[in-house]
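Student: Give the three-dimensional model of this entry:
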Amino acid sequence: MNPSLLTIHGGLGLVPSPTRMRLGAYSLVAAAPVLFAADLVRSDHSGKAARQFAEVAARRTPELLSAGLFLIGAVLLGLAAFGLAGTVGGRGGRLASIGVAVSGIGALWIGIGRAMYSFLLYAATNTDLDHRGASTVFEGITDSLGFTIFLPLLLALIGGPFLLGVGLWRARLTPPWVPALWLVGAIAFEAVEGDKLAEAATFGPMMLALATLGLSLVRRQPQTRSQAAPPTAPTSHASSSP
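Tutor: Presented below is the predicted three-dimensional model:
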């Protein structure tokens with residue numbers, strides 16, 4: 001079998017479906033610009049809670065829009081994980097499947113660590129609230145060890161698309177620079193997290209890599225396992241005459 005072909009063979013108990021694969025591929029492509037837009041419109045989250053409150057209080061509507069876009073991006077990444085589960089067979093298929101599943105877990109970080117965080121900032125900067133008291137409470141929460149429980153979700157978000165990219169590269173579906181770009185961008189993004197301009201400079205390449213992964217799958221015509229199997233030569237049986 002040509003390893004460059006997608007093979008729909010099911011996964012996680014899901015019924016094999018080319019339509020499901022296309023849903024996953026297009027969702028992956030769509031997630032990239034949505035997440036990039038969400039990061040662009042949000043306020044600057046660098047510095048202490050008091051500074052973040054001041055930034056968000058001056059731009060509450062963009063912060064709410066950012067929360068909504070991050071939530072949509074998380075849903076799209078979750079749909080991608082559902083649609084692509086078990087759709088890459090042959091060489092690199094197992095690694096790609098692991099990457100898809102881990103990416104689905106990582107989508108929770110976008111929903112919790114990004115969308116929920118922006119929404120909480122938006123709600124806490126309501127003009128009817130005491131901003132000084134709210135910022136003190138918010139800073140106590142964000143500085144606590146409680147947020148470390150979400151660290152595995154962040155690691156899943158970084159590792160999932162990377163493993164998917166390596167699997168697709170091994171399956172000859174995407175060039176090697178795609179997973180490399182994602183990993184380098186993700187590490188750089190975490191190093192500068194909070195600084196909006198620096199984040200945009202590193203988040204952009206990450207989203208380019210994510211969209212390229214989706215496009216690599218969109219460009220391929222999937223086939224079912226029965227279609228991928230080589231034709232079996234008919235067996236002839238010699239007839240005996242009485």
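Student: distance of residue 32 from residue 211?
Tutor: To residue 211, residue 32 is 4 Å away according to CB to CB, to the nearest Å. (Glycine included, C-beta is placed from N, CA and C.)
Student: Who has more neighbours out of the two?
Tutor: When residue 32 and residue 211 are compared on other CB atoms under 10 Å, the one with more neighbours turns out to be residue 32, at 23 against 19.
Student: wait, what's in contact with the more buried one?
Tutor: In this structure, residue 32 makes contact with 207-208, 210-211, 214, judged by CB atoms under 8 Å, 6 or more residues apart in numbering.
Student: out of the residues you listed, which are buried?
Tutor: The neighbour count (16 or more other CB atoms under 10 Å) marks 207-208, 210-211, 214 as buried among those.
Student: ranges for the helices of the chain?
Tutor: Ranges of helices within the chain are 18-41, 49-58, 60-84, 93-109, 117-124, 131-142, 151-170, 177-191, 196-218, 225-228, based on DSSP state H.
Student: Can I get the ones you listed in CSV including mean pLDDT?
Tutor: Converted to CSV, the helices of the chain look like this (pLDDT from 0 to 100):
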stretch, mean pLDDT
helix 18-41, 92
helix 49-58, 78
helix 60-84, 93
helix 93-109, 91
helix 117-124, 84
helix 131-142, 67
helix 151-170, 92
helix 177-191, 92
helix 196-218, 89
helix 225-228, 42
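Student: number of nearby residues for the closest residue to residue 116 other than its chain neighbours?
Tutor: The spatially closest residue to residue 116, leaving aside those adjacent along the chain, is residue 67, at 7.6 Å (CB to CB, 6 or more residues apart in numbering). A count of nearby residues for residue 67, using other CB under 10 Å, gives 23.
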